[in-house]
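Peer 1: Below are the sequence and a predicted model for it; my questions follow.
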2 protein chains.
Amino acid sequence: MRFTSETSSDGIREQLFTLDEIPGVLWTPHGATGARPLVLMGHGGGRHKKDPGIVARSSRLVAECGYAVAAVDVPGHGDRPKDEEFHRIATANQARVDAGEDPAPLIAAFQALVARRTVLEWRAVLDALQHLGHVGAGPVGYWGVSLGCGLGVPFVAAEPRVRAAVLGLGGASASAEAAARITVPVEFLVQWDDERVPRAESLALFDALGSAEKTLHANPGEHAELPAFELDSTVRFFTRHLGCPREPSR
Amino acid sequence: MRFTSETSSDGIREQLFTLDEIPGVLWTPHGATGARPLVLMGHGGGRHKKDPGIVARSSRLVAECGYAVAAVDVPGHGDRPKDEEFHRIATANQARVDAGEDPAPLIAAFQALVARRTVLEWRAVLDALQHLGHVGAGPVGYWGVSLGCGLGVPFVAAEPRVRAAVLGLGGASASAEAAARITVPVEFLVQWDDERVPRAESLALFDALGSAEKTLHANPGEHAELPAFELDSTVRFFTRHLGCPREPSR
C-alpha cells in the first residue's frame, strides 16, 4: 500500500493510496492513533471513490464516531484505466438493452462477473488497511447501494470481518444466492419508485438475506433520491453494531 | 375532563382522567408548564391505554423530549364497559372466521365501524388536552399499530392538528381510502413475517398513503415482535417533525 497524497481539513485526515493497481482513499480523524471501526464504502455505477455521497457519509462517520472510512475505485471507474473486458461486455449489453432486451439479468450477470474481481481486491485492501496503526483490526462495516450493493452482497457474504452492512437499491436477480449466505445485521434501502430496480426485485433481495437482524427502509422517490434522513439512520446503524469510540453528537 | 388520580415518578407525572365516558391517561414531565408537543397513542386489539408498550414509548418521549403523551381506552377495552353492539359483531365475526371465512375483510369492516366512533372521541380528547396549561396547543403526533393503525389512519386523515404519525401492522383493506387522504409524514412499521396481516396488504397500505414523506421500516418477525430499536427510531421521527423542547439524550 503506497500513499500518494495526504490532506487534512475540519479534523479529518484524507490519504489517497494505491494497492497494486487499485486507487483508494482513507479518511480518519486527524491525529488518530490505535484501532477503530472501519467502514468500507462501495460506489455506484459510473461513480468513483470520492463521489459526493461517499464523502458526505464518510465525514459524518469520521467526525461523529471516530471511525476510519475507506473507498476504492471499481475496475473501469474513477482513476482506473478502462478495463477492456468489462468495457466490451458493457457495450454489448447496452446494445442488447437498446434492442429491447430486459436489462435486469444482463446487469446481474455483469455485476457477478465484476464481483469475482472486487471481492478479492477489497479483501486485499482490508488486509492492508488493518495493518495501519491508525486503523487497526477493529470491527468492519460495509456501505454500498446500487452497484455498491451488487458488488457488496458477494463481498459481505465472503468476508467474515464485516460485522454489519448497509445495502440496497439492488435486486434479487443480481445476488440472491450470495445474500442468503449473509448473516450479519443489514440495513437495506429501497426507493419505492425506483425506475431501475423493480420493487418486487428489491423486496426479494431483502427477503433473501440470511441475517436474523435485517431492517428494510423504503422511501418514496426514484433510484437516486435517497432522503437525507437515511444518512442519520446509517450513522446510528453502524454505531449500534460497530460501537462508537467517539460519542456521536446529534 | 375530570382528573381521577395523579402520581409522579422518575420525573414523569401521570394523570388519569375521564372525558364524558372515555377513560384516559396523560403523561407529562414533572413540573412542566406551557405548551409542548403532544403525542396520542392508540393501543392494540385486546389491549388498553396503559399497555406496557405504550408506557415504554411514552416514558421515552416525555423524559427525553419533554413531550406530553396521552392514550385512551378504545370502546370495549381497558376500563370501559363491554360495548353491546361491538361485542355482538365481534362475536359473530369470530364465528364466521371459525367457519373458514377470510378474516381480513371482516376486521376491516369492524375497524371502520369502531373508527367512526373513535375519531370523534379522540378529537374531543385532543380538544380538552390542548386546553390544559401543561399541554397547550403545540404540534400533535399520533402513534398506533395493529388496531391502533386501523383506527389511527381514519383519525390522522380527519384531524388536521396531527402533523406526523407512526403507523403499521395494518393492511390496506382496512383503510386504504382514508390513507390516501393522509398528507403528513408517516413512519410505517411492517413485520416481515406477520401472521395476521399479509405482507402484500401491509405494503399496499404504505403505498396508499398520500404523504410525500413516508418511510417504511420492515423487520423480520411476527406481528407482536417489533424490534426494540424501532422505539429509538420513533423518538427520532417525532423529534424531527414535532420539534424537541428538551434536548434528547442518546
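Peer 2: All right, it came through fine. Everything numeric here is computed off the predicted structure, so don't read it as measured data.

Peer 1: what residues does stretch A:101-119 touch?
Peer 2: Applying CB atoms under 8 Å, 6 or more residues apart in numbering or on different chains, the external contacts of stretch A:101-119 come out as A:42, A:74-75, A:86, A:89-90, A:93, A:96-97, A:147, A:150-151, A:153-155, A:158-159, A:171, A:173-175, A:198, A:201. For the C-beta atoms, the positions are set from N, CA and C on the backbone; glycine is no exception.

Peer 1: mind running it again at 6 Å?
Peer 2: A:93, A:97, A:150, A:151, A:154, A:155, A:158, A:173, A:174 (CB atoms under 6 Å, 6 or more residues apart in numbering or on different chains).

Peer 1: quick one, what contacts residue A:216?
Peer 2: Here residue A:216 is in contact with A:188, A:206, B:218 (CB under 6 Å, 6+ apart).

Peer 1: can you tell me how far residue A:147 sits from chain B?
Peer 2: 24 Å (CB to the nearest CB, to the nearest Å).

Peer 1: typo on my end, residue A:40
Peer 2: Applying CB to the nearest CB to residue A:40 and chain B gives a distance of 23 Å.

Peer 1: And residue A:170, by the same measure?
Peer 2: Residue A:170 is 16 Å from chain B, by CB to the nearest CB.

Peer 1: which ones are touching that residue?
Peer 2: A:149, A:150, A:205.

Peer 1: Make JSON lines from the contacts of residue A:216 and add secondary structure and distance to residue B:13 to it.
Peer 2: JSON lines is the format used below for the contacts of residue A:216 (DSSP: H, G, I helix; E, B strand; the rest coil; distance: CB to CB, whole Å):
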{"residue": "A:188", "secondary structure": "strand", "distance to residue B:13": "40"}
{"residue": "A:206", "secondary structure": "helix", "distance to residue B:13": "42"}
{"residue": "B:218", "secondary structure": "strand", "distance to residue B:13": "36"}
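
Peer 1: could I get those as CSV with neighbour count, pLDDT and distance to residue A:231?
Peer 2: As requested, the contacts of residue A:216 are exported to CSV (neighbours: other CB atoms under 10 Å in any protein chain shown; pLDDT from 0 to 100; distance: CB to CB, whole Å):
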residue, neighbour count, pLDDT, distance to residue A:231
A:188, 26, 98, 15
A:206, 24, 97, 20
B:218, 26, 98, 20
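
Peer 1: Residue A:16 - how many residues pack around it?
Peer 2: 17 (other CB atoms under 10 Å in any protein chain shown).

Peer 1: before we move on, back to that, need the max-distance pair from the contacts of stretch A:101-119.
Peer 2: By the measure CB to CB, A:97 and A:158 form the most distant pair in those, at 29.0 Å.

Peer 1: Show me what the lowest-mean-pLDDT helix or strand in chain A is packed up against.
Peer 2: Taking mean pLDDT, DSSP states H and E as the measure, the helix or strand of chain A with the lowest value is helix A:172-179, at a mean of 85. Helix A:172-179 sits against helix A:103-130, helix A:152-158, helix A:199-208, with contacts defined as 3 or more CB pairs under 6 Å, 6 or more residues apart in numbering or on different chains; DSSP states H and E.

Peer 1: Can you tell me which of the ones you listed is packed in deepest?
Peer 2: helix A:152-158 (a mean of 26; mean count of other CB atoms under 10 Å in any protein chain shown).

Peer 1: got a list of contacts for that helix?
Peer 2: Outside helix A:152-158, the residues touching it (CB under 6 Å, 6+ apart) are A:42, A:115, A:119, A:122, A:142, A:144, A:162, A:165, A:167, A:175, A:178-179, A:181-182.

Peer 1: just checking, next helix/strand downstream of it?
Peer 2: Helices and strands here follow DSSP states H and E; after helix A:152-158, the next one along the chain is strand A:162-168.

Peer 1: Now the helix or strand harbouring residue A:56: buried residues?
Peer 2: Using DSSP H and E, residue A:56 falls within helix A:52-65. Using 16 or more other CB atoms under 10 Å in any protein chain shown as the burial criterion, the residues of helix A:52-65 that qualify are A:53, A:54, A:55, A:57, A:58, A:59, A:60, A:61, A:62, A:63, A:64, A:65.

Peer 1: Within reach of chain B, which of the contacts of residue A:170 are there?
Peer 2: On the criterion CB under 6 Å from any CB of the partner chain, none of the entries of these sits beside chain B.

Peer 1: returning to that earlier point: okay, buried residues for the least confident helix or strand of chain A please.
Peer 2: Those would be A:172, A:173, A:174, A:175, A:176, A:178, A:179, for helix A:172-179 by 16+ other CB under 10 Å.

Peer 1: Between which two of those residues is the distance greatest?
Peer 2: Using CB to CB, the buried residues of helix A:172-179 span at most 12.0 Å, a distance reached by A:173 and A:178.

Peer 1: Taking the buried residues of helix A:52-65 together, which two end up most distant?
Peer 2: Spatial extent of the buried residues of helix A:52-65 (CB to CB) is set by the pair A:53 and A:65 at 17.7 Å.

Peer 1: before we move on, back to that, closest to residue A:23 among the buried residues of helix A:52-65?
Peer 2: residue A:54 (13.6 Å).

Peer 1: thought the closest one was touching residue A:71?
Peer 2: Yes - Residue A:54 is within contact range of residue A:71, at 5.3 Å (criterion: CB atoms under 6 Å).

Peer 1: Mutual contacts of these two, please.
Peer 2: residue A:41.

Peer 1: Could I get the pLDDT score of residue A:250?
Peer 2: Looking at residue A:250, its pLDDT reads 41.

Peer 1: same thing with residue A:103?
Peer 2: Confidence score, pLDDT, at residue A:103: 84.

Peer 1: what about the closest residue to residue A:48 other than its chain neighbours, neighbour count?
Peer 2: Distances taken as CB to CB, 6 or more residues apart in numbering or on different chains place residue A:78 nearest to residue A:48, at 3.0 Å, with adjacent residues excluded. Counted with other CB under 10 Å, the neighbours of residue A:78 add up to 19.

Peer 1: ok, the contacts of residue A:170 vs chain B, which is closest?
Peer 2: residue A:205 (12.6 Å; CB to the nearest CB).

Peer 1: show me the contacts for the closest residue to that closest one other than its chain neighbours.
Peer 2: Distances taken as CB to CB, 6+ apart put residue A:172 closest to residue A:205, at 4.2 Å, once the chain neighbours are dropped. Residue A:172 is in contact with A:201, A:204, A:205, A:208, counting by CB under 6 Å, 6+ apart.

Peer 1: Since that was my last question, I'll sign off now.
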